[in-house]
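Student: below: sequence and its predicted model.
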Amino acid sequence: MPFARKLILHLPISDETLLDGFVEQCLKDGVSLVAVVGPDCARVEDVIDEIVVGDGSDETRYLYTSSHPDEPLEDVLNIVMTWEYERGDPMQEIKL
């Protein structure tokens, strides 16, 4: 089953090596936003960005990311639900 267009990725991750496959699936499924919440979310957002960009040779690989340190989950849910590019699309919460 494909991912929704807007995701919230909850940390911590059980195994950070899962991020590569997760990001590739997001790109394949046309995910537009991954909002990362939980401990160390800014660093994990950077890791996701690096995976998306890769060596920089494929400009079609694009994914908006955001990290939300110390923000209540309710606020993050509101941000994701009202994401302007996909306002009416469903949202999904993910744990790896």
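Tutor: Cool, the structure landed.
Student: so, low pLDDT: which residues of this protein?
Tutor: Scanning the chain for pLDDT under 70 picks out 85-87.
Student: so what's the closest residue to K95 other than its chain neighbours up against?
Tutor: Using C-beta to C-beta, 6 or more residues apart in numbering and skipping the chain neighbours, the partner closest in space to K95 is H10 (4.9 Å). All C-beta spots, glycine's among them, are computed from the backbone N, C-alpha and C. Residues near H10 by C-beta atoms under 8 Å, 6 or more residues apart in numbering: V37, G38, E93, I94, K95.
Student: now H10, which residues is it bridged with?
Tutor: V37, K95 (DSSP bridges).
Student: select from the contacts of H10 the one having the most neighbours.
Tutor: V37 (23 neighbours; other C-beta atoms under 10 Å).
Student: T65 is in contact with that residue, correct?
Tutor: No. If you go by C-beta atoms under 8 Å, V37 and T65 don't touch, sitting 11.8 Å apart.
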